[in-house]
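> Predicted model and sequence below, questions to follow.
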Amino acid sequence: MTTKRVVEKTPAPAITLPTKGDCGATESDIIFILDSSTSVQEENFKKMLNFIVDFVSAASIDNGNVRIGAVLYSSDVKIQFHLNAFQTKQEVIDAVLQIPYVYGSTNTYGGLNTMRTVMFTTENGDRPSFPILPFCSPTAYRTSMLTTLFQKQRK
């Protein structure tokens, strides 16, 4: 006696990608903290800049809802522009595209500390009644650190 395998073909479920949200429309002061150390490499750094340009393109900067600032770190920390430096989307995009890749070691603490103590201040454009949103480049969190964290959570 032989048996026959019956395979039913079920159509793949439709996947709907989310549309661009209103993330960039919410009133907020946003600082991008960019790692340009050797661990990032120039090609990945350019990808980070392109992400920021895409974000800024969708943000409500021209009406004043959103302010953008940027700080760059590798061995040293360099503020690229403060929250109150630009009033238009195009000015911010132009400034982002001028951010250089700087070879050096990873000084995450320096970048975060500069953001906290220098950039998120009223004299540099922080608006106390608006939410503050720091965006740190993903390389600030090492894979080994994340692996250790996940292992601890599983125990």
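Noted; the coordinates are in hand.
> so how far does stretch 32-41 reach from one end to the other?
Its first and final residues considered, stretch 32-41 spans 18 Å by CA to CA, to the nearest Å.
> average pLDDT for that stretch?
Confidence over stretch 32-41, taken as the mean pLDDT, stands at 90.
> Tell me which residues of it come out buried.
Of the residues in stretch 32-41, those buried under the neighbour-count criterion (16 or more other CB atoms under 10 Å) are 32-37, 40. In short, each C-beta sits where N, CA and C put it, glycine included.
> can you put the residues you listed in a markdown table and add secondary structure and distance to Gly64?
A markdown table is the format used below for the buried residues of stretch 32-41 (DSSP: H, G, I helix; E, B strand; the rest coil; distance: CB to CB, whole Å):
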| residue | secondary structure | distance to Gly64 |
| --- | --- | --- |
| Phe32 | strand | 19 |
| Ile33 | strand | 23 |
| Leu34 | strand | 24 |
| Asp35 | strand | 29 |
| Ser36 | coil | 29 |
| Ser37 | coil | 34 |
| Val40 | coil | 32 |
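> Could you identify the most distant pair in those?
When CB to CB is used, the two most widely separated members of the buried residues of stretch 32-41 are Phe32 and Ser37, lying 15.5 Å apart.
> what's Ile132 in contact with, if anything?
Applying CB atoms under 8 Å, 6 or more residues apart in numbering to Ile132 gives the contacts 28-31, 120, 126.
> If I look at it, what pLDDT would I see?
As predicted, Ile132 sits at a pLDDT of 89.
> Just the contacts of Ile132: which are in strands?
28-31 (DSSP state E).
> Neighbour-wise, give me the winner out of those.
Greatest neighbour count in those, by other CB atoms under 10 Å, goes to Ile31: 28 neighbours.
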